[in-house]
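Chemist: Any chance you could fold what I've pasted below:
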Amino acid sequence: MTATTFFVCMFGLVVFIASSVWPRQAGTPLYQTEDGFTAITYDGLRMAVESRRVLLIDVRNVTEVMKFGKIPTSYVLPWIPAGSIPRGILYRETYYLGKSLSPPNAVHELKEAWRLEDKDFQETYGFARPDPPGQGVIITCRSGRRARVAINYLRPLGYDKIILYAGSYLDWVANNGALEYP
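Modeler: Model (predicted):
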């Protein structure tokens, strides 16, 4: 191996590590959140959505999606059925800095979905269940809280490459991202 080849390989490794582990820097679409999630920026998600290179899963309930719209190309797989947990409990239990991300019964529909046969999963949600480790899968919700809960549920099932859109729907709208209404 020549010195030039070695240098190019090492530079590529450093760029890969920087994009997947270090805090967000200008021009880097992936970054590490302070609570340990690999996340994607608005610009990174916009480019991925435009190129249709990712599977974007929105874990908000269907009522929210119908009322407020969703990020284009995203599929809806609610982490809780609409109205099943009182609003006060939802926000208290999903506070993610320093508290549990696994509230009891909070991921009921997500759990049920992952137990379905592949054919039933696709018929119900409109997309094929991704295989572990979840490469190319991005989870979003309204603000990032429910997406964190969903990712924490999926990690023990082998989905350790799933990416969080930390700002989720609110960040998408704040950046004037286009919306789809089912």
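Chemist: any idea how far Asp131 is from Glu123?
Modeler: For Asp131, the distance to Glu123 equals 18 Å [Cβ to Cβ, to the nearest Å]. Where C-beta positions appear, they are placed from N, C-alpha and C, glycine not excepted.
Chemist: Next up, identify which helix or strand the residue nearest to Val59 when sequence neighbours are not counted is on.
Modeler: Nearest-residue entry for Val59: Trp79, 4.2 Å, with adjacent residues in sequence omitted and distances by Cβ to Cβ, 6 or more residues apart in numbering. For Trp79, there is no enclosing helix or strand under DSSP states H and E.
Chemist: Next, count neighbours for Trp79.
Modeler: Residues contacting Trp79 under the criterion other Cβ atoms under 10 Å number 26.
Chemist: Skip the chain neighbours and tell me the closest residue to Trp172.
Modeler: Nearest non-adjacent residue to Trp172, counting by Cβ to Cβ, 6+ apart: Ile71, 5.4 Å away.
Chemist: what residues are up against the one you found?
Modeler: Shown in contact with Ile71 (Cβ atoms under 8 Å, 6 or more residues apart in numbering): Leu45, Val49, Leu56, Asp58, Thr140, Tyr169, Trp172, Gly177, Leu179, Glu180.
Chemist: Would you agree the third one is in contact with Leu77?
Modeler: Same thing as Leu56. No: in this structure Leu56 lies outside contact range of Leu77 using Cβ atoms under 8 Å: 10.6 Å.
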